[in-house]
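> using only what follows, build the 3D model:
(one chain, ligands or ions: 3)
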Amino acid sequence: MLQVKAPNPDLDHVTTAPVLGQPAAAYPAAPRTGRAGLLAVPVLVISVCAVLGVVLAGSTALRLLFALAGIAVPVTFQAALYVRQRSLAGDLHRSQSSFRTLVKSSVDPVVILDDTLRVTFASESAAELLGLDAARMIGEPVTGRVHPDDRASLVGALNSPLTDGTDFAVRTARVQHADGRWRLIQATVRDLRTDPDVGALVLYCRDVTARVPAPGFDPELAELSLTDPVTGLPNRAALVRRLGAVQREAGRPFALALVGVEGLASEVLTPDAEAAVLRSLTGRLTRALRGEDWLARGKDGDFVVLVDGTIADAETVAARLVAAVGPLPIPGGTLHLTAVAGVTALLADVDTGEALRRGDLALRSARNAGPGAVHRYLDALRIEQDRRDALRTDLDGALSRGELRLVFQPVVDVVMHRTVSVEALLRWRHPVFGEVSPTEFVPLAEESPLITELGRWVLREACATIAALGDTDLGVAVNVSARQVRSGELVPDVISALETSGLPSSRLIVEITESVLLDDSHVLEDLTVLRQLGVRIAIDDFGTGWSSLAYLVGMPVDVLKMDQYFLSNVEHDPARRAMCRAVLHLGSSLGLPVIVEGVTNPAVLNLLRDMGHRFLQGYVFSRPLEAEQLADGAWEAWVELPAPVPTTAAEAPAQSAAMPS
Ligand code: C2E
Ligand code: MG
Ligand code: MG
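Ligands and ions are numbered 1, 2, ... in the order given. Just a heads-up that it's a prediction; the model follows:
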């Protein structure tokens, strides 16, 4: 198969004739006569004066002088003009020649088109792609051998200027080979039409057809639309065909690299601007490829590279592609794009679908790791995926089978030395996997409306359990997922849970995450209604979105729950300690109490208390308690434990805001 590398940037410096590839003699020798044109006026005036002088002069000597001047000036001018034209023609000829030499010496299949999309030059290797004679391609319209279904889109794409700030684009079309078969040809198009010295389109072509063993017309290929209309790359259907063919051929190693780009789903982009961004991105990725690699569009807008090499080669290619993605200028700003990649070997005994699924798993794992990550497929990822699939299926019905329950963890006021509330935490005892963490199954429930049903149950169960405790003012905090808030059913669900249980609204705290506050106004309205009812709103995992602290002012919020992240290594890390203080100060300035969760050991407890943190939650006081333990009053059991000795505070502690009641 013939392959090309990215367009040769050396060609940027070459000045060429208006239509590249035509013989230099076809061009007028003196296209640039600007200065000569200006000089022609005084020369004409001198000539006219000379003629008048010859006619009107009194003496013969004077007439002779005028006649000589009349002849000498135009002749000198013509001579100068001739020398200049020769020099320009020489320049032009040399620049055309150097361009043609560059193009001809390139092993790349190159085709050059004029403004009317006719071929003005075709390299030998380009002609070979289609089994044609290069000389006979000259003058032919480029669409002559293009599949009728692809013609309109190809012409449209070639005729539209590239508005995305690059002069590269990738176009793919079915083109008929001399043997009658359809080949899928991908061209990286260099648009030099607006370059006054060039005025042409330069196409660097490559054959991206899956190699079909038997010669002859391939009706399936002709029928299928194999091109992604936006980027011009082969689409997923073309990719699957190609992978199948490569696997059948085998003989040498191939691998897959799946590249996922983040940051494209921007609301500031119009559909046209998004298409331009994608084309620009495609240009960047194409240039980062090695000649023998093959780029296509995958599922959900991902890019897939078929790498001619081992999985280690695929990792190298993937790292290059990921590095090629970055900030991209758009009209009125910059789009901050990042990328991750997953790689897997293309094994002969693994079918195409499974190979893509493996690549996808590796990509997903890279996504979890964050921007820039390149992950290999490992069997462990497949095991994890299988477990996730099983949990997803089993979750539906877990409630009716009685596998779910709530446990309750105390939140302690270290100033008043008492438990102020408990946080309700969901638990799932799976018949096969045993205890499954909510961090594992809540995100699965959030993928479907099941989370609303689960959330409704949690609210009812939590309110009922706490209301049943009898003579106490203990509060209960319930975690509410973003999807549940967005469903619009939170307010009626809360009202129903309070009514059925008889729990006063002031004893219920709804925990949401920061991102929910950035949602549309209906979410804020619902939260405001809940507060009007007397329910308190806590921001869980607070502090992970530091960039948007300003949003807190005026928001329907009563409590901040500091993210556990700030406590990791807090005893030894001054920066973390500074952050713990900063969150406390922020809460104080806004008049909001701060609950610190994840307080695991006495050293951290002392540290936080010395800082002035008042509301703490964590294993140091109590693990989450079963409902029956609550009924026995176990939420205050920690009070009986020996109190940790306070350390001497290095600074005067800030005062935590009191918990509203
Ligand atoms: P979260 O709401 O931030 O809950 C705090 C988590 O920290 C709980 O994990 C709790 O068991 C754990 N924890 C408490 N004390 C300590 C400690 O001293 N050290 C450490 N390392 N961890 C501590 P859990 O129960 O596994 O819950 C994890 C997350 O699952 C919760 O984080 C919450 O986001 C979610 N979740 C739990 N129950 C529900 C629920 O009913 N609905 C929704 N939507 N999400 C829930
Ligand atoms: Mg929580
Ligand atoms: Mg939390």
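
> go through this structure and flag its longest strand.
Longest strand in the chain by number of residues (criterion: DSSP state E): strand 418-430.

> partner strands of the following helix or strand past it and their direction?
The helix or strand immediately downstream of strand 418-430 is strand 434-436, counting by DSSP states H and E. Paired neighbours of strand 434-436 in the sheet (DSSP bridges): strand 418-430 (antiparallel).

> so does the strand it pairs with get close to ligand 1?
Yes - applying C-beta under 6 Å from any ligand atom, one finds that strand 418-430 is in contact with ligand 1 at 425, 426. Glycine gets a C-beta too; all of them are placed from N, C-alpha and C.

> tell me which residues in that strand are buried?
419, 420, 421, 422, 423, 424, 425, 426, 427, 428, 430 (16 or more other C-beta atoms under 10 Å).

> what parts of this structure come near ligand 2?
Residues of the chain lying close to ligand 2 (C-beta under 5 Å from the ion) are 479, 511, 540.

> who in this structure is up against ligand 1?
In this structure, the chain approaches ligand 1 at residues 409, 425-426, 437-439, 442, 458, 479-481, 511, 540-541, 597-600, 618-619, 624, judged by C-beta under 6 Å from any ligand atom.

> now the helix or strand harbouring residue 183: mean pLDDT?
Using DSSP H and E, residue 183 maps to strand 182-192. Strand 182-192 shows an average pLDDT of 80 in the prediction.

> packing partners of it?
The contact analysis (3 or more C-beta pairs under 8 Å, 6 or more residues apart in numbering; DSSP states H and E) places strand 182-192 against strand 168-176, strand 200-207, helix 219-223.

> state the mean pLDDT of the longest one.
For strand 168-176, the per-residue pLDDT values average out at 80.

> and that strand with strand 200-207, angle?
Here strand 168-176 points in a direction 60 degrees away from that of strand 200-207 (axes from the mean of the first three to the mean of the last three C-alpha atoms, to 10 degrees).

> show me what strand 168-176 is packed against.
Judged by 3+ C-beta pairs under 8 Å, 6+ apart, strand 168-176 is in contact with helix 148-159, strand 182-192, helix 271-288.

> deepest of the ones you listed, which one?
Comparing these by mean neighbour count (mean count of other C-beta atoms under 10 Å), strand 182-192 comes out on top with a mean of 23.

> now that one and strand 200-207, what's the angle there?
Between the axes of strand 182-192 and strand 200-207, defined by the same axes, to 10 degrees, the angle is 150 degrees.

> mind checking how far strand 182-192 is from the chain centre?
Distance, stretch centre to chain centre, for strand 182-192: 25 Å (C-alpha atoms, centre = their mean, to the nearest Å).

> same thing with stretch 572-579?
That offset, for stretch 572-579, works out to 33 Å (C-alpha atoms, centre = their mean).

> which residues make contact with that stretch from outside it?
By C-beta atoms under 8 Å, 6 or more residues apart in numbering, the residues outside stretch 572-579 that reach it are 543, 566, 567, 568, 569, 570, 607, 611.

> check stretch 343-351 too.
243, 246-247, 250, 253-258, 306-307, 310-311, 314-315, 318, 355, 358-359, 362, 374-377.

> if we can go back for a sec, closest one to ligand 3 among the helices and strands packed on strand 182-192?
Ligand 3 sits nearest to strand 168-176 of all these, at 45.9 Å, using C-beta to the ion.

> one step back: need the buried residues of strand 418-430 in CSV (columns: pLDDT).
Below are those laid out as CSV (pLDDT from 0 to 100):
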residue, pLDDT
419, 96
420, 96
421, 97
422, 98
423, 98
424, 98
425, 98
426, 98
427, 97
428, 97
430, 96
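
> among those residues, which two are most distant?
Greatest spacing in these, by C-beta to C-beta: 420 and 430 (32.9 Å).

> so what's the residue count around residue 301?
Applying other C-beta atoms under 10 Å, we find 14 residues neighbouring residue 301.

> tell me who's in contact with it.
Shown in contact with residue 301 (C-beta under 8 Å, 6+ apart): 261, 264.

> from residue 278, how far off is it?
Distance, residue 301 to residue 278, by C-beta to C-beta, to the nearest Å: 8 Å.

> got any residues that touch both of the two?
By C-beta under 8 Å, 6+ apart, the residues touching both residue 301 and residue 278 are residue 264.

> shaky segments in the stretch 501-650 of the chain?
For the stretch 501-650 of the chain, the stretches flagged by pLDDT under 70 are 521, 545-550, 641-650.

> where does residue 503 sit: helix, strand or coil?
Classification of residue 503 using DSSP: H, G, I helix; E, B strand; the rest coil returns coil.

> could you shift the numbering so residue one becomes 556, and keep it that way?
Noted, 556 is the first residue going forward, which turns the last one into residue 1058.

> how many residues are close by it?
So residue 1058, with other C-beta under 10 Å, has 21 neighbours.
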